[in-house]
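J.: no sequence for this one, just the structure:
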């Protein structure tokens with residue numbers, strides 16, 4: 001079903017105004033992060049706007065919106081868990097590295113990692129360094145570089161895979 005631009009805009013605006021706050025609190029209760037909940041709900045409504053003609057028909061899109069928000073929250077929580085485990089692993093390794101700082105094998109490993117990072121394509125290296133060396137969030141790095149958060153995620157994934165492959169023993 002194809003909507004006129006005016007009808008689509010009015011219907012979407014009414015749906016947005018009626019449901020944004022409820023969806024925000026739903027997301028906030030799941031992720032317990034105000035900024036993240038806003039982003040998730042905003043992204044969900046962006047998706048709905050882009051796919052309005054195919055998604056909205058004779059049925060209410062509200063159940064779909066709740067499902068999309070829930071799934072995005074779950075994805076976010078999984079991502080946070082992975083980051084937490086990674087940070088924990090890094091801190092444990094850092095403690096071990098400090099204990100073995102004079103060890104030649106340790107110095108060689110650091111050299112391999114730095115060499116692998118230097119071999120990354122320029123944009124990938126810049127994103128990797130911003131997120132891992134400077135501790136920036138993906139959103140901050142994306143805004144600084146003028147790219148999307150999904151592009152940052154993709155570049156980080158590629159960088160980590162590349163560094164792992166280059167430093168495997």
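T.: Yes, it's here. The structure displayed is predicted, hence computed values, not measured ones.
J.: only C-alpha atoms for contact and neighbour calcs from this point on.
T.: OK.
J.: longest helix of the chain?
T.: Longest helix in the chain, counting residues (DSSP state H): helix 62-99.
J.: which other helices and strands contact it?
T.: The contact analysis (3 or more CA pairs under 8 Å, 6 or more residues apart in numbering; DSSP states H and E) places helix 62-99 against helix 5-31, helix 34-50.
J.: what's the shortest one packed up against?
T.: The helices and strands touching helix 34-50, judged by 3+ CA pairs under 8 Å, 6+ apart, are helix 5-31, helix 62-99.
J.: ok so, going back, so for residue 134, which of the helices and strands packed on helix 62-99 sits nearest?
T.: helix 34-50 (20.4 Å; CA to CA).
J.: Same question for that closest one: list its buried residues.
T.: Using 16 or more other CA atoms under 10 Å as the test for burial, helix 34-50 gives 36-38, 40-42, 44-45, 48-49.
J.: Which two of those residues have the greatest separation?
T.: 36 and 49 (19.7 Å).
J.: which residues of this protein score low on pLDDT?
T.: 1-3, 93-103, 169 (pLDDT under 70).
J.: mind redoing it with 80?
T.: Applying pLDDT under 80 to the chain flags residues 1-4, 56-59, 87-107, 168-169.
J.: domains of it?
T.: 5-75, 103-167 (automatic domain parsing).
J.: What is the distance between the shortest one and the centre of its chain?
T.: Taking CA atoms, centre = their mean, to the nearest Å, one finds the center of domain 103-167 at 15 Å from the center of the full chain.
J.: before we move on, the earlier item: figure out which of the helices and strands packed on helix 34-50 is closest to residue 132.
T.: Closest to residue 132 of the helices and strands packed on helix 34-50, according to CA to CA: helix 62-99, at 9.9 Å.
J.: okay, the angle between the closest one and helix 5-31?
T.: Compare the direction of helix 62-99 with that of helix 5-31 by axes from the mean of the first three to the mean of the last three CA atoms, to 10 degrees and you get 40 degrees.
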